[in-house]
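> Quick one, fold the following:
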Amino acid sequence: MSRRTVADLSEAALLSLALRDPSIVDEAGAVGLTPEDFGDRRYKALWSGMVRDRASGVGPDEATVLERHETDLGIGRPFPDLSALVAVVRTIQSTPARRPSFDAYVAAIVEYRERRELLLAAAEIQALHAEGSPTAEIRDVFEGAMIRVQGRATSAGSGPAADLFVAAKERAERVRAGVEVDDQIMTGLPSLDRTLRYHPGHHALMAGRPSMGKTQLALGVLKSIAETQGPALFVSVEMGRDSLASRLYSSSIAGPGDLHARELEAAERWARTPLLVETEARTLSEVVSAIRIARAQHGIIAFAVDYLQRMTLPKADSREQAVSHASATLANLAHQGGMLGIVLSQLNRGLESRPDKRPMMSDLRESGSLEQDADSIVFVYRDAYYNPSTREPTRADLIISKQRNGRAGVTVPATFEPGNGWFRPYQPEYAEGWGDDD
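Coordinates of the predicted model:
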């Protein structure tokens, strides 16, 4: 099968997906696909119309597509007549298309655009050669084509390492002088922020055994980010909408005082908090799509996925390979999108048989690539779960086991009581009273 045929099929398949699920148009736009990437002028016209329809809040579906492109009928236009338009739409609808193959379709479309540009440059070079043009002119055409194609993949270009250092130094000076705001993404736990610095593009892994509180920690971190820094998205693969709603409600109203007053205060606070939730995504492709769309439509600066092993993953030769692929995909999504990406992970049961049940790197479940992909790893551990008579029943240890650009092997204590609020700054003699930090 020729590459042209692959490209045509990919364009038709993407259009087919969009007719079944309009959010495909949003996701494709979020990864940078434009109508100009399409090689078939008919498909280019259809995709351009879908983009405009999504912007105006309608379609795309068969009816809106047929109605919109009535003006594209005629000699020299994308469709000679209505029957030709209907035939193309029918062909698209009958094209086999799989939602998990979205990335492959986009990659094929973009790759063939690059090939078309190179072929056009080759034709121009051939014409220049036939005309006896100077070699320098031919070289300029060739180099121009290569720069345009390579610029999409490496838009920043290469440069001296010294320039990077100088830029970082100057930025640090501006931050210290108060001229520029530090881009550190704060978690709402000052002691954790002093030790572990989250930044845009950071891929963070949070892991723990069941009932340690990792879901609540991630929810609390995103809540704090949304309250103080910008929109965030929490993707719950484990809990449905009702379960998540119950958890948010009970956590938000915890504390002393009149229940009705606490409900009103929590409702007002949530109304001002741009924390988005996604509870329908189950497959890796659905999770990635939800994050991309939230980035494009709401400008999220952080996301969390709860949790990695509960996602339905693409088929692979082994479970370990499937988990490795999912881990790398989410890490790349955070890095390329300039977002803080928090991924929750389960730990192996093996630690339950050890006398010391504090987690270690070797307890990461199903894939060694989890450690490799992560910029930081935080294990959540509560001694009270194993030792009910412990002297600090509300203490939770956040064990920083990896940090690319900072200290590791550090334990940051926090206060947490399951079912009774959020993770809070550590209070050694914590008992009654909730203070000001909700």
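
> now this protein, which segments are flagged as low pLDDT?
In the prediction, the chain carries residues with pLDDT under 70 at positions 1-4, 70, 146-159, 365-368, 429-438.

> Let me see the domain layout of this protein.
3-112, 190-425 (automatic domain parsing).

> Make CSV from those domains and add mean neighbour count and distance to residue 181 to it.
For glycine as for every other residue, the C-beta is placed from the backbone atoms N, C-alpha and C. Putting those into CSV (neighbours: other Cβ atoms under 10 Å; distance: least, Cβ to Cβ, whole Å) gives the following:
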stretch, mean neighbour count, distance to residue 181
domain 3-112, 17, 26
domain 190-425, 18, 10
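
> export these to TSV and tack on distance to residue 120?
TSV is the format used below for those (distance: least, Cβ to Cβ, whole Å):
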stretch	distance to residue 120
domain 3-112	12
domain 190-425	28
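
> Which among those domains is found nearest to residue 177?
Evaluated with Cβ to Cβ, the domains of the chain place domain 190-425 nearest to residue 177, the distance being 19.4 Å.

> what about that closest one, start to end distance?
Domain 190-425 has its terminal residues 7 Å apart, counting by Cα to Cα, to the nearest Å.

> Kindly export the lengthiest strand in the chain (C-alpha atoms) in PDB.
Ranked by residue count, the top strand of the chain under DSSP state E comes out as strand 395-403. Once side chains and other backbone atoms are set aside, the C-alpha atoms of strand 395-403 remain, and they are given as PDB (Å, rounded to 0.1, in the frame of the first residue of the first chain):
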ATOM      1  CA  ARG A 395       0.100  11.900  60.300                       C
ATOM      2  CA  ALA A 396       0.700  11.100  56.600                       C
ATOM      3  CA  ASP A 397       4.200  10.900  55.200                       C
ATOM      4  CA  LEU A 398       4.900  12.200  51.700                       C
ATOM      5  CA  ILE A 399       8.100  10.300  50.800                       C
ATOM      6  CA  ILE A 400      10.000  12.100  47.900                       C
ATOM      7  CA  SER A 401      11.900   9.200  46.400                       C
ATOM      8  CA  LYS A 402      12.900  10.900  43.100                       C
ATOM      9  CA  GLN A 403      13.300  14.500  42.000                       C
END
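
> mind checking how far residue 294 is from residue 233?
With the distance defined as Cβ to Cβ, to the nearest Å, residue 294 ends up 4 Å from residue 233.

> Please identify every residue contacting each of the two.
Taking Cβ atoms under 8 Å, 6 or more residues apart in numbering as the contact rule, the neighbours common to residue 294 and residue 233 are 276, 278, 300, 303.

> In CSV, list the C-alpha atoms belonging to the helix or strand harbouring the last one.
Translated: residue 303. Counting by DSSP states H and E, the element that carries residue 303 is strand 302-306. Written as CSV, here are the backbone C-alpha positions of strand 302-306 (Å, rounded to 0.1, in the frame of the first residue of the first chain):
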residue,chain,number,x,y,z
ALA,A,302,-2.3,21.0,35.5
PHE,A,303,-4.1,17.6,35.3
ALA,A,304,-4.2,14.4,37.4
VAL,A,305,-5.2,10.9,36.4
ASP,A,306,-6.5,8.5,39.0
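
> partners of it in the sheet?
For strand 302-306, the pairing partners within the sheet under DSSP bridges are strand 232-236 (parallel), strand 340-346 (parallel).

> To residue 178, which of these lies closest?
Between residue 178 and the strands paired with strand 302-306, the tightest spacing by Cβ to Cβ is seen for strand 340-346, at 23.5 Å.

> Return the distance of the closest one from the chain's centre.
Here strand 340-346 shows a centroid-to-chain-centroid distance of 11 Å under the convention Cα atoms, centre = their mean, to the nearest Å.
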